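[1] I'll drop the sequence and a predicted model, then ask my questions.
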Amino acid sequence: MVRKILNQLHSFLKKRSKRSLALLCAAVLIGGLGIRFFHAQDGAAGKIVTDVVSVGSIQSTVTGYGVAAAREAVAMNPPESSKVLSLLVKEGDYVEAGTLLYSLDPTQAQKAVQEAQKEVSSALEGYQEAQKRVEETAETLQKLVDLRAELSVRAPFDGKLVEVVSLTPGSSVTNGQKIAVIASSGRLKMSVYYSEAYESDVYIGQSVQVSVPAIMNSITGKVSEIYKDVEYIGPEGGKCFEIVVTMNNPGTLTAGMDAAAVLKNAAGEDIYPYQNTKLDYAQTQEINAKVDGPLLENHMRNYSVVRAGQALVVLGPEELEKQIEEKRTALTAAQESLETTKTALSSAQEKLEKAQNHEANMEVKAPISGTILSCSLIEGETADSSQSAIQIADTSVMKIEIQVDERNVGNVKAGMECTVAQSGGGGEKSFYTGTVESISLTGKSENGVSFFPAIVKVENGEGTMMTGMSVEYTLILAQSDNCLLVPAQAVQYTEQGNCLFVKTEKRPENAVDLGDSIEIPAGFYAVPVETGLSNSSQVEIKSGVEEETEIFIQKSTEFGSSFDDMYMGMG
């Protein structure tokens, strides 16, 4: 068989040019690599090129180029222009997050902290003083408001008015001014002295007969108080103790009347006091005005009997309301001052916090785990805060920004696997498996072409993918395995649908007529097929033909032109 092929080749070469010879040699070499050639048959108008339906796999893919970058990278400027005291890393070092990278001279930062602390102390003192003023002013205002009830001066208990001050309507009454004295005229008392020999015969609640010569009668009272620690010395040198006797006033008694009190001991014997005494009111109280104001009403008369809560005088509110309004104005001003000092305190505290953080940042630590890509610092020299000092990148995970065209964006989903290839300096390729991390919902347009940005994440644990290098990516949108495949040129797109021209000895049952407008080579029949996935060279056939069915590809007028239509075999 091989010898027959070589003889045919020798005969062919005698009739062909050098170009044909080169093409044929290339074809032989490619054939030796497993690439299939279409079969060529003599036809009325030229060579008929055919192939057979094969079984294989087909993918629908999206390919493109991007630039690899670290998924997380940080460029770090010094917190301030200061001398580098120590530098602990160099380019290429791998550091964990929190690792101390370098330290700067903290002198200026420490001064800033001290100044900020002074500002906080001063602001806090001002705030506390303002707060105290607000509290005191509010308390005074409340007391003034409460004094509205004191515009009517009322009797504190049942009694009789004495020592009433003469007041005329319209006259000014001041806070604390005495206006009368009230006495409990219904209850009287008297202090009596007895010889200390009778101390054991006296007790609280003991009945006492009180004789009042002015009315030539006696009334019953009771011992309400005993003061044994009182030592009253009489003219004869005898020691006496004091008791207080209280009694109800039948209405005919008053303070200042002479009276004598007689007790009885347990044997019923009378006990007489050292001397007689005088009656007094059981309770008296000076009544004073508690607010300033003009007198509006006066209901007081000397010896008037009044009831507890009864209005004695009524003062006008003008002076009090003026004081209340003034105090309200003062309170508003104090509250505004408090807010101002509060803002100043907050600002000072923020300044202190920033200064403290700044001081802490004089020891610069790595914010992320990664590799030191660059370091411009020199130990002992001044670092410039306006320039990047250290760049750190976490290259364990890389990202690639890709562009998905609007035709395929609907098929690209987050989590989809992606193949990434990176070419080395010697032309070798390294392959990585990535994952679509995200795809934008908003499209962009450049040079009239619409696309949707997406991010592909690639694990780079060994660090072989380099930042800034160009990579090629391939997304498999769909794949069919163990399926029927035909060359893309074999599919005929007709009004009857997609068809293949199959070569058979007799007409297939599913063959269709395409009319005179479409030429079908002799011995071939149009068979409808259902197609699936396709790419630039192949089409998946889901139904309509079987494996190894010979199909029409094209007609060729030159033998050499069939090489233009070769494709990669799948089986």
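    Sure, I can see it. Since this is a predicted model, take the numbers as computed values, not measurements.
[2] Residue 420 and residue 473, how far apart?
    Shown here: residue 420 relative to residue 473, a distance of 5 Å by Cβ to Cβ, to the nearest Å. The way it works is simple: take the backbone N, C-alpha and C, and place the C-beta from them, glycine included.
[3] for residue 428, same thing?
    Relative to residue 473, and taking Cβ to Cβ, residue 428 is found at 18 Å.
[4] More neighbours: which of those two?
    Neighbours around residue 428 and residue 473, counted as other Cβ atoms under 10 Å, are more numerous at residue 473. The numbers are 22 against 8.
[5] Which residues does the more buried one form beta bridges with?
    As for beta bridges, residue 473 partners with residue 64, residue 420 under DSSP bridges.
[6] The residue nearest the centre of the chain: what secondary structure?
    With distances taken as Cα atoms, centre = their mean, the residue of the chain nearest its centroid is residue 350 (18.7 Å). The assignment at residue 350 comes out as helix when based on DSSP: H, G, I helix; E, B strand; the rest coil.
[7] do residue 237 as well
    Applying three-state DSSP to residue 237 yields a three-state assignment of coil.
[8] which ones are touching the residue nearest to the centre of the chain?
    Residues in contact with residue 350, defined by Cβ atoms under 8 Å, 6 or more residues apart in numbering, are absent; none qualify.
[9] got it, and residue 254?
    Neighbour list for residue 254: 185, 279 [criterion: Cβ under 8 Å, 6+ apart].
[10] For it, give me the backbone phi and psi.
    phi -150, psi 170 (degrees, to the nearest 10).
[11] residue ranges of the helices in the stretch 1-150 of the chain, please?
    In chain order, the stretch 1-150 of the chain shows helices spanning 2-15, 18-32, 107-146, with DSSP state H, counting those that start in this stretch as the criterion.
[12] Also the stretch 151-300 of the chain?
    Secondary structure of the stretch 151-300 of the chain (DSSP H, counting those that start in this stretch): no helices present.
[13] about what we covered before: between residue 420 and residue 473, which contacts overlap?
    Any residue near both residue 420 and residue 473 by Cβ under 8 Å, 6+ apart counts here, and that gives 400, 434, 456.
[14] nearest to residue 303, of the residues you listed?
    Set against residue 303, the nearest of these by Cβ to Cβ is residue 456 (108.5 Å).
[15] Is my assumption valid that that closest one occupies a position in a strand?
    Yes: assigned with three-state DSSP, residue 456 falls within a strand.
[16] which ones are touching it?
    Counting by Cβ under 8 Å, 6+ apart, residue 456 makes contact with 66, 399, 400, 401, 402, 418, 420, 434, 435, 436, 437, 473.
[17] what about burial for those, which qualify?
    The neighbour-count test (16 or more other Cβ atoms under 10 Å) marks 66, 399, 400, 402, 418, 420, 434, 436, 437, 473 as buried among the contacts of residue 456.
[18] Number of residues surrounding residue 374?
    Other residues within reach of residue 374 by the criterion other Cβ under 10 Å amount to 13.
[19] Next: the one 5 residues further on.
    Other residues lying near residue 379 total 12 when counted by other Cβ under 10 Å.
[20] who's in contact with the nearest residue to it once chain neighbours are set aside?
    In space, and not counting its chain neighbours, residue 379 is closest to residue 87: 4.3 Å by Cβ to Cβ, 6 or more residues apart in numbering. Contacts here follow Cβ under 8 Å, 6+ apart; on that basis residue 87 touches 101, 102, 375, 377, 378, 379.
[21] So what's the predicted local confidence for residue 87?
    What the model reports as pLDDT for residue 87 is 94.
[22] Report the separation between it and residue 104.
    Plainly put, residue 87 is 10 Å away from residue 104 if you go by Cβ to Cβ.
[23] Mind listing what's buried along stretch 214-224?
    Taking 16+ other Cβ under 10 Å as the neighbour-count basis, stretch 214-224 is seen to contain the buried residues 218, 219, 221, 223, 224.
[24] The residue nearest to the last one when sequence neighbours are not counted: how many residues sit nearby?
    Nearest in space to residue 224, with sequence neighbours left out and distances taken as Cβ to Cβ, 6+ apart, is residue 246 at 4.5 Å. Taking other Cβ under 10 Å as the neighbour definition, residue 246 ends up with a count of 16.
[25] Surely residue 246 is in contact with residue 189?
    Yes: under the criterion of Cβ atoms under 8 Å, residue 246 lies in contact with residue 189, with a separation of 4.7 Å.
[26] joint contacts of these two?
    With contacts taken as Cβ under 8 Å, 6+ apart, residue 246 and residue 189 have 224, 282 as neighbours in common.
[27] for this structure, which spans come out with low pLDDT?
    Within the chain, the set of residues satisfying pLDDT under 70 comprises 1-46, 557-571.
[28] that older thread, from residue 376, how far off is the residue nearest to residue 379?
    To residue 376, residue 87 is 11 Å away according to Cβ to Cβ.
[29] Check what contacts stretch 406-424 and list those residues.
    The set of residues external to stretch 406-424 that reach it, using Cβ under 8 Å, 6+ apart, is 62, 68, 400, 404, 429-439, 443, 450-452, 454, 456, 458, 464-466, 469-478.
[30] same thing with stretch 226-238?
    Where contact means Cβ under 8 Å, 6+ apart, the residues beyond stretch 226-238 that reach it are 193, 195-196, 199, 202-204, 239-244, 274-275.
[31] do stretch 264-282 as well
    Applying Cβ under 8 Å, 6+ apart, the set of residues contacting stretch 264-282 from outside is 159, 183-185, 187-195, 198, 201-202, 207, 212, 232, 234, 238, 240, 246, 253-263.
[32] Can you list the buried residues in it?
    Applying a neighbour-count criterion of 16+ other Cβ under 10 Å, the buried positions in stretch 264-282 are 271, 273, 274, 277, 279, 280, 281, 282.
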